[in-house]
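1. Turn this into a structure:
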Amino acid sequence: MNDQYDNCMAACDACAHACDTCAAACLAERDVHALAACIALDIECAQLCRFASGAMARRSGLAPRICALCAHACDLCAAECSRHAHEHCRRCALACEACAAMCRTMV
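-> Numbering: from 1, shown residues only. Prediction:
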């Protein structure tokens with residue numbers, strides 16, 4: 001079970017980083033208003049990924065439910081990022097998809 005937690009925490013941490021990077025890069029794009037939903041989901045997803053990682057690190061009994069919510073947020077963020085052609089959005093979508101898959105193994 002420790003490897004499963006460790007792998008999922010690593011995916012959550014990587015996803016949070018990718019989401020933060022994407023949000024910052026979106027803010028630097030010319031048409032930032034067109035990226036507002038992407039930025040908002042990046043922020044939400046990053047926060048939930050960090051929360052899920054912390055819950056797993058603490059071996060919280062709530063970790064499976066938190067991971068389910070994290071997977072949902074990752075799905076939403078991946079879908080939104082996939083709508084944009086920017087490289088940072090593509091990398092974020094891939095990290096979100098990987099994190100969602102790992103979080104589902106924890107549910």
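
2. As a quick check, tell me the outermost residue of the protein.
-> Arg30 (24.0 Å; C-alpha atoms, centre = their mean).

3. Let's verify that residue: helix, strand, or coil?
-> Under DSSP: H, G, I helix; E, B strand; the rest coil, Arg30 falls in the coil class.

4. Now it. Its backbone dihedrals?
-> Here is the backbone geometry of Arg30 (degrees, to the nearest 10): phi -60, psi -50.

5. Report the contact partners of it.
-> Counting by C-beta atoms under 8 Å, 6 or more residues apart in numbering, Arg30 makes contact with nothing. C-beta: built from backbone N, CA, C; applies to glycine.

6. Distance-wise, check it relative to His86.
-> Computed as C-beta to C-beta, to the nearest Å, the Arg30 to His86 distance reads 11 Å.

7. With Glu80 instead?
-> 12 Å.

8. the more surrounded of those two?
-> Glu80 (22 against 15; other C-beta atoms under 10 Å).

9. which element is the more buried one on?
-> Glu80 is part of helix 63-82 when elements are defined by DSSP states H and E.

10. which secondary structure elements does that helix contact?
-> helix 2-27, helix 36-57, helix 87-106 (3 or more C-beta pairs under 8 Å, 6 or more residues apart in numbering; DSSP states H and E).
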